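# Okay, predicted coordinates and the sequence, questions at the end:
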Amino acid sequence: MGDLIDINAPIEQEGTKAVVRNWLKKIGESVKSGDPLVELETDKVTQEVPAPADGILTEILMENGAQAMPGAVLGRIGSETLGREQAAVPPQGSASRTPGDAGAPHFSPAVRHAAEEYGIDPTTIAGTGRDGRVTRTDMDRAFAQRPEGRAPVPEARPTQPPPRMEPAEKGTLLRSRKIAHSGMRSSIAAHMLSSVTTAPHVTAVFEADFSAVMRHRNAHKAKLAAEGITLSYTAYIVSACVAAMRAVPEVNSRWHEDALEVFDEINIGVGTALGDKGLIVPVIHQAQDLPFAGIAAKLQDLTARARANALGPDDVRGGTFTISNHGVSGSLLATPIIINQPQSAILGIGKLEKRVVVREIDGVDTIQVRPMAYVSLTIDHRALDGHQTNMWLTHFVQALETWPHERM
């Protein structure tokens with residue numbers, strides 16, 4: 001085995017474990033150093049593991065669906081001669097095998113499952129993945145674009161078993177079906193459970209008036225659009241977070257048993273929904289050093305790449321604070337929003353809508369209609385107390401409500 005080189009899962013992968021999603025090479029194939037060999041999926045990102053050296057893919061030790069801890073040996077590469085010998089005659093009891101039939105296109109389990117579920121032949125789909133590979137997203141898009149009532153059915157599609165029947169009240173039966181968890185969904189579940197069992201969650205709720213933000217956005221969005229930048233409300237929220245962090249830096253922290261680690265860099269993650277696949281949190285690094293237009297541009301880039309499954313490990317690594325803009329899907333308030341461990345707090349933004357409020361003008365109470373949203377800060381009560389939470393929200397709301405008209 002001295003001539004074999006291990007293919008290891010990244011030591012610094014984002015998340016404590018990953019799932020082997022798709023081998024990109026078959027046993028016996030030549031590889032060059034740096035060639036992508038296998039895709040790993042965590043709760044935050046899908047990343048490719050490159051070949052550590054030139055040679056032949058000799059062994060696959062972790063098949064699709066296997067869980068890989070950081071540093072785990074996924075497979076091995078041998079010299080050209082050794083690789084071909086071992087590929088031709090696998091050692092007895094070896095876990096090695098070639099994923100897929102030789103000469104046939106190789107599709108990931110997610111793509112094969114979609115092919116069976118949708119009745120779509122993946123060889124007829126134009127792939128958007130690396131080297132033109134078909135992804136699950138490509139299959140979902142093809143299904144969504146299919147004309148209604150014209151669902152293609154493969155000739156050799158296996159017969160589906162009848163729905164499972166469960167006993168219910170009064171002797172009735174419930175029809176049901178099981179949907180296997182994706183690697184991302186399983187990792188999200190473990191991460192959320194770990195967070196709520198690790199940190200005592202406490203939530204404070206304020207209300208923010210977005211009138212000044214809306215005036216600024218209406219005045220400047222055309223100019224930024226000419227530069228290719230979409231001016232979203234989230235850009236204002238990120239910038240207001242920076243202002244609040246400067247006033248209450250302890251919120252930008254991590255709890256340790258012997259100390260509170262307060263970060264100088266403000267790295268703000270923004271939760272981005274991926275439909276029924278879950279969500280991902282790309283990070284705007286060093287937001288404290290970015291001008292407002294720079295925050296808007298970076299946010300646009302990260303969000304677009306997140307939805308195209310094109311984020312790299314560095315794009316989701318190193319966050320010190322997270323924003324959950326749950327209001328985009330209609331909710332006014334969500335609590336508690338689970339903290340993205342090991343951070344100390346998470347901001348929730350509710351639906352922005354017009355509401356009737358009382359405002360004092362020239363000493364007289366007036367009833368006005370304003371664009372309002374509930375904003376919440378959920379904290380790890382080990383790290384932060386109520387007065388810090390409320391002070392942070394006070395500065396955050398103030399930054400939004402007093403937004404300078406010319407600030408860019």
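Sure thing, it's come through. Residues are numbered from 1 along each chain as shown.
# remind me, longest strand of this protein?
Looking across the chain with DSSP state E, the single longest strand is strand 364-380.
# buried ones in it?
Going by neighbour count (16 or more other CB atoms under 10 Å), the buried part of strand 364-380 is 370, 371, 372, 373, 374, 375, 376, 377, 378, 379, 380. In this view, the C-beta of every residue, glycine as well, is placed from N, C-alpha and C.
# Touching the helix or strand encompassing residue 222 from outside, list them.
For residue 222, the host element (DSSP states H and E) is helix 211-226. For helix 211-226, the surrounding residues in contact (CB atoms under 8 Å, 6 or more residues apart in numbering) are 230-231, 233, 236, 293, 296, 370-371, 400-405, 407-408.
# if we go to 10 Å?
With CB atoms under 10 Å, 6 or more residues apart in numbering as the test, helix 211-226 has contacts from 210, 229-233, 235-237, 239-240, 292-293, 296-297, 300, 352, 359, 368, 370-373, 399-408.
# Buried ones among these?
Buried by 16+ other CB under 10 Å: 210, 229, 231-233, 235-237, 239-240, 292-293, 296-297, 300, 352, 370-373, 399-400, 403, out of the contacts of helix 211-226.
# taking these one by one, which sit in helices?
Among those, the members found in helices (DSSP state H) are 233, 235-237, 239-240, 292-293, 296-297, 300, 399-400.
# for the residues you listed, which one is nearest residue 30?
Closest to residue 30 out of those is residue 300 (40.0 Å), distances taken as CB to CB.
# thinking again about what came up before, of all the residues in the helix holding residue 222, which ones are buried?
Buried residues in helix 211-226, counted by 16+ other CB under 10 Å: 211, 212, 213, 214, 216, 217, 220, 224.
# In a markdown table: these, plus distance to residue 348.
Putting the buried residues of helix 211-226 into a markdown table (distance: CB to CB, whole Å) gives the following:
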| residue | distance to residue 348 |
| --- | --- |
| 211 | 21 |
| 212 | 21 |
| 213 | 17 |
| 214 | 20 |
| 216 | 23 |
| 217 | 21 |
| 220 | 26 |
| 224 | 26 |
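# Let me see the ranges of the helices in the stretch 151-300 of the chain.
183-198, 211-226, 233-247, 292-307 (DSSP state H, counting those that start in this stretch).
# Show me the one of these that comes nearest residue 347.
Among the helices of the stretch 151-300 of the chain, helix 233-247 sits nearest to residue 347 (CB to CB), with 6.5 Å.
# Alpha carbons only: can I get the closest one in PDB?
What follows is helix 233-247, C-alpha atoms only, in PDB (Å, rounded to 0.1, in the frame of the first residue of the first chain):
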ATOM      1  CA  TYR A 233     -33.700  45.900   1.300                       C
ATOM      2  CA  THR A 234     -31.300  43.300   2.600                       C
ATOM      3  CA  ALA A 235     -28.300  45.500   1.800                       C
ATOM      4  CA  TYR A 236     -29.700  48.100   4.100                       C
ATOM      5  CA  ILE A 237     -30.200  45.500   6.800                       C
ATOM      6  CA  VAL A 238     -26.600  44.300   6.600                       C
ATOM      7  CA  SER A 239     -25.300  47.900   6.700                       C
ATOM      8  CA  ALA A 240     -27.500  48.600   9.800                       C
ATOM      9  CA  CYS A 241     -26.100  45.500  11.500                       C
ATOM     10  CA  VAL A 242     -22.600  46.900  11.100                       C
ATOM     11  CA  ALA A 243     -23.700  50.100  12.700                       C
ATOM     12  CA  ALA A 244     -25.300  48.200  15.600                       C
ATOM     13  CA  MET A 245     -22.200  46.000  16.000                       C
ATOM     14  CA  ARG A 246     -20.000  49.100  16.400                       C
ATOM     15  CA  ALA A 247     -22.300  50.300  19.300                       C
END
